[in-house]
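>>> structure of the sequence below:
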Amino acid sequence: MNKIVADRQTFGPSPVILVGHSLGANAIISLAQELEKRGIRVDYMASFAATTPSPLPGNIKRVVNFYFSSHSWGALLTKGPGFKGRLENRDLSHDRYVNHFNIEKQDLLQDEVVSDILRALKITI
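I've put the predicted structure just below:
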């Protein structure tokens, strides 16, 4: 978080994008909460199989959460007080070959997240 704050002080505002898997998915929500305290918006967040996620803070513009309602670890994300962004919870339980340990390695999901990141950065290829 300190790096994000320092870069903003040095270079000015730029998009903040957070991506995490498992405990890392829990951590990016905590990071977003800390950024909210400093008035910094998170433009895009991708969460892969968060294990014990906190409710989402109000400073996030868009979240895509890949999770499992059955057969594997990975929880539904919920909106916290003040959350007005866009939340997409995507249940991957229908695919028996995708689980907590390989979710972030799925080519189609990686491609989707990279496209979303480029869109958040306003980069076209």
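
>>> neighbours of Val114, how many?
Val114: 13 surrounding residues under other CB atoms under 10 Å. For every residue, glycine as well, the C-beta is placed using N, CA and C.

>>> give me the pLDDT for it.
We have a pLDDT of 97 for Val114.

>>> which ones are touching it?
Val114 makes contact with no residue, according to CB atoms under 8 Å, 6 or more residues apart in numbering.

>>> for it, what are phi and psi?
phi -60, psi -40 (degrees, to the nearest 10).

>>> can you pull out the strands in the chain?
If DSSP state E is used as the criterion, the strands of the chain fall at 17-21, 44-48, 62-67, 86-91.

>>> any regions of this protein where pLDDT drops low?
Where the chain drops to pLDDT under 70, the residues are 124-125.

>>> returning to what we had before: mind putting the strands of the chain into JSON lines with distance to Ser54 and mean neighbour count?
Converted to JSON lines, those look like this (distance: least, CB to CB, whole Å; neighbours: other CB atoms under 10 Å):
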{"stretch": "strand 17-21", "distance to Ser54": "13", "mean neighbour count": "20"}
{"stretch": "strand 44-48", "distance to Ser54": "11", "mean neighbour count": "25"}
{"stretch": "strand 62-67", "distance to Ser54": "12", "mean neighbour count": "22"}
{"stretch": "strand 86-91", "distance to Ser54": "14", "mean neighbour count": "13"}
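
>>> and Ile123, which of those strands is closest to it?
Taking CB to CB, strand 17-21 is the member of the strands of the chain nearest to Ile123, at 11.5 Å.

>>> if we can go back for a sec, redo the strands of the chain as JSON lines? Include distance to Ile123.
Below are the strands of the chain laid out as JSON lines (distance: least, CB to CB, whole Å):
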{"stretch": "strand 17-21", "distance to Ile123": "12"}
{"stretch": "strand 44-48", "distance to Ile123": "12"}
{"stretch": "strand 62-67", "distance to Ile123": "16"}
{"stretch": "strand 86-91", "distance to Ile123": "20"}
